[in-house]
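# With the sequence up front, the predicted model follows.
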Amino acid sequence: MDTNDISILAIESSCDETSASIILNGKVLNNIVATQSVHEKYGGVVPELASRAHQENIIPVVHEALESSGIRKNDLSAIAFTRGPGLMGALLVGVSFAKSMAYALKIPLIEINHMQAHVLAHFIEDPKPNFPFICLTVSGGHTQLVLVKDYLDMQVIGETRDDAVGEAFDKTAKLLGLPYPGGPLIDKYAQSGNPKAFEFPITRMPELDYSFSGIKTAVLYFLRDQLQQNPTFIEENLNDLCASIQHSLIEMLLIKLKVAVKQYGVKDVAIAGGVSANSGLRNALTDLATKRGWNIFIPKFEYCTDNAAMIAMAAHYKYLKGDFSSMDVTPLAKMKI
């Protein structure tokens with residue numbers, strides 16, 4: 001390796017995926033992800049089990065990232081890690097490992113904001129958005145409209161006041177009797193359903209903020225009333241129910257996105273986060289962009305869910321600015337952009 005090369009090992013452990021990635025001079029070389037299946041039988045992520053799984057996975061995942069990249073650990077320029085937001089126990093595993101490795105190798109440590117990294121996933125491959133652009137960042141824990149002015153200059157202009165849209169997908173899926181994670185299953189069944197079969201309320205919030213707790217309650221009472229009349233109502237109408245729920249959630253997301261794009265006068269629009277893998281959202285955004293003349297940016301599926309490649313990309317830009325962390329750094333369960 002050239003002495004001027006910038007090679008960074010990035011580690012992601014904010015929730016239930018242990019991931020490592022190597023980036024060389026701004027080019028992501030790999031993206032190794034170990035997904036935890038232990039949570040499925042509990043209907044959600046169990047923090048203690050997530051922490052244990054991270055401890056089991058982190059050394060093999062980092063080893064594979066280094067091996068497949070062809071870069072030796074002694075040639076690394078820095079170690080990056082997700083500081084937050086996320087599950088405290090899960091974050092502790094990644095932070096502790098990163099600090100120990102950086103200390104042993106006597107190289108800089110770079111802390112990364114997980115939500116900033118989701119936005120910067122759009123710079124892993126071409127095409128890339130131009131600044132400024134608006135990114136709709138949607139996941140199980142967050143729903144945010146972000147005005148992106150530069151790689152590390154971002155402003156949250158709207159966000160959810162209660163549940164994130166990913167929570168709404170998973171919680172309504174649970175009401176339908178679908179296993180965890182239910183969001184992808186709603187998307188799957190919705191593709192064969194009628195989105196106008198059932199009408200659920202669109203929550204109106206001030207300015208650019210969201211609220212998704214109301215639709216969960218609306219679905220709960222709707223199903224209760226229907227099941228009293230027909231105990232097999234869900235089974236007989238599953239595709240239409242999923243399509244109708246998904247349509248309402250996507251409609252709520254896009255209403256505020258349209259207002260934000262007009263308000264800030266941008267033409268480049270992106271989506272990021274786990275829910276950006278939803279085919280209904282991707283298709284609706286594509287149609288909307290065609291009608292409105294937007295340039296849209298939709299990440300590859302592997303960069304939608306939690307992954308270390310996006311952490312690596314964020315770390316590259318922080319390295320260029322000399323923005324390093326001290327060895328006293330600790331994880332943060334809550335962390336603003």
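Arrived safely.
# low-confidence ranges in the stretch 1-150 of the chain?
37-39, 41-42 (pLDDT under 70).
# which residues in it form strands?
Along the stretch 1-150 of the chain, counting by DSSP state E, counting those that start in this stretch, strands occupy 7-12, 17-24, 27-28, 32-35, 78-84, 109-113, 133-138, 143-150.
# Serialize those to CSV and add fields for mean neighbour count and distance to L176.
Where you see a C-beta, it was placed from the backbone N, CA and C, and this is true even at glycine. Output for these, formatted as CSV (neighbours: other CB atoms under 10 Å; distance: least, CB to CB, whole Å):
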stretch, mean neighbour count, distance to L176
strand 7-12, 28, 30
strand 17-24, 27, 25
strand 27-28, 18, 37
strand 32-35, 18, 23
strand 78-84, 27, 32
strand 109-113, 24, 34
strand 133-138, 26, 20
strand 143-150, 21, 21
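# Just tell me which of the ones you listed ends up closest to F301.
strand 32-35 (11.6 Å; CB to CB).
# Generate JSON lines for the strands of the stretch 1-150 of the chain, with distance to E199 as supplementary columns.
Listed next are the strands of the stretch 1-150 of the chain as JSON lines, based on distance: least, CB to CB, whole Å:
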{"stretch": "strand 7-12", "distance to E199": "39"}
{"stretch": "strand 17-24", "distance to E199": "36"}
{"stretch": "strand 27-28", "distance to E199": "43"}
{"stretch": "strand 32-35", "distance to E199": "36"}
{"stretch": "strand 78-84", "distance to E199": "38"}
{"stretch": "strand 109-113", "distance to E199": "38"}
{"stretch": "strand 133-138", "distance to E199": "22"}
{"stretch": "strand 143-150", "distance to E199": "22"}
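# Tell me which of the ones you listed sits nearest to V119.
strand 133-138 (4.8 Å).
# on that earlier part again, compare the strands of the stretch 1-150 of the chain and give me the one nearest S69.
So among those, strand 17-24 is nearest, using CB to CB, at 3.9 Å.
# Which strands and helices lie in contact with the closest one?
Packing partners of strand 17-24 (3 or more CB pairs under 8 Å, 6 or more residues apart in numbering; DSSP states H and E): strand 7-12, strand 32-35, helix 47-69, helix 308-320.
# Each with direction, which strands does that strand pair with?
Within its sheet, and counting by DSSP bridges, strand 17-24 is paired with strand 7-12 (antiparallel), strand 27-28 (antiparallel), strand 32-35 (antiparallel).
# Please name the residues that touch the nearest residue to I245 once chain neighbours are set aside.
Distances taken as CB to CB, 6 or more residues apart in numbering place T172 nearest to I245, at 5.2 Å, with adjacent residues excluded. Counting by CB atoms under 8 Å, 6 or more residues apart in numbering, T172 touches 182, 186, 215-216, 219, 245.
# closest one to I22 among the helices and strands packed on strand 17-24?
Per CB to CB, nearest to I22 of the helices and strands packed on strand 17-24: helix 47-69, 3.9 Å.
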